[in-house]
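# Sequence and computational prediction follow.
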Amino acid sequence: MAFHLGSLGFLTPFSFDNFQNQVTQVIEGNAALVLRSRLKVKVHKEHREKKNLVQNGVEENGLIVNQQEKEYGKQTKYQVLNEVVVDRGPSSYLSNVDVFLDGHLITTVQGDGVIVSTPTGSTAYAAAAGASMIHPNVPAIMITPICPHSLSFRPIVVPAGVELKIMLSPDARNTAWVSFDGRKRQEVCHGDSISITTSCYPVPSICFRDPVNDWFDSLAECLHWNVRKKQNHFTGDEEEEY
């Protein structure tokens, strides 16, 4: 049950002014529920060796000793409510990452990066990048390019049951960076992979009225969706002029 105490309030339909009555109504069972899907993300770091040149104070026969440090492959997991963002980071080059769906290469993203979002996240960063907005009850994953260097690369929606994998292209000029709901930002190097599936653990959210009305109210009030001055009808004289 989320109360609006911030600035935007897209996911917080309840006002805190009358919180006691609202909490009582929910406890009495007068509330609808929406399950907001999350993404399960696994980041696998490839086993690699780091080579550093180390000189032990005094030269040994005029040679510099090579010291090898092994960094073994490791895997970290995250639960994401909004989106996973893979971008080019501080590099001035295009991001160049391959996107796989259920093991098949579907496209290579050349641009500033790519956003993989839930329906909840489709109204956040993805919407700002030109994606469609998906109702949270729709089981889907949104793939949205960030400033792609292509006129035909449009955002796409894939089924919630697929597995996505993102890796640097073999010929990528630079590394990439990944973040999870804007946090835990880290570098993605050649050989690393990011696996994304729909999580088995959605976030239950209590509705103010119902899932449909709450969502459209948030679109109108927070994002001013389709706000436009209405066209006036013709008067009798104006119709004759046309």
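That came in fine, so what should we check first? Numbering: from 1, shown residues only.

# centre of the chain versus stretch 92-104, how much separation?
Distance, stretch centre to chain centre, for stretch 92-104: 15 Å (CA atoms, centre = their mean, to the nearest Å).

# I'd like the average pLDDT over that stretch.
Stretch 92-104 shows a mean pLDDT of 96.

# Check what contacts that stretch and list those residues.
Contact with stretch 92-104 is made by 86-88, 105-114, 143, 146, 149, 158, 162-169, 171-174, 176, as judged by CB atoms under 8 Å, 6 or more residues apart in numbering. No exception for glycine: its C-beta is placed from N, CA and C like everyone else's.

# Tell me the span between the first and last residue of stretch 26-37.
22 Å (CA to CA, to the nearest Å).

# So which bits of that stretch are buried?
Buried residues in stretch 26-37, counted by 16 or more other CB atoms under 10 Å: 26, 34, 36-37.

# Can you pick out the ones from those residues that are in helices?
Counting by DSSP state H, those place V26 in helices.

# got the buried residues of stretch 26-37 as TSV, with pLDDT and distance to V138 columns?
Shown next, in TSV, are the buried residues of stretch 26-37 (pLDDT from 0 to 100; distance: CB to CB, whole Å):
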residue	pLDDT	distance to V138
V26	85	25
V34	93	11
R36	96	11
S37	97	9
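
# could you redo the buried residues of stretch 26-37 as JSON lines and give each row distance to M1?
Formatted as JSON lines, the buried residues of stretch 26-37 follow (distance: CB to CB, whole Å):
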{"residue": "V26", "distance to M1": "6"}
{"residue": "V34", "distance to M1": "12"}
{"residue": "R36", "distance to M1": "13"}
{"residue": "S37", "distance to M1": "19"}
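
# now, which of the buried residues of stretch 26-37 sits nearest P211?
V34 (4.2 Å; CB to CB).

# which ones are touching that closest one?
Contacts of V34 were listed using CB under 8 Å, 6+ apart, and they are 136-137, 204-205, 207, 211, 214.

# 7 Å instead?
By CB atoms under 7 Å, 6 or more residues apart in numbering, the residues touching V34 are 136-137, 205, 207, 211.

# what about the residue lying closest to N82 once chain neighbours are set aside, how many neighbours?
Of all residues not flanking N82 in the chain, G121 sits nearest, at 3.4 Å (CB to CB, 6 or more residues apart in numbering). By other CB atoms under 10 Å, 29 other residues sit near G121.
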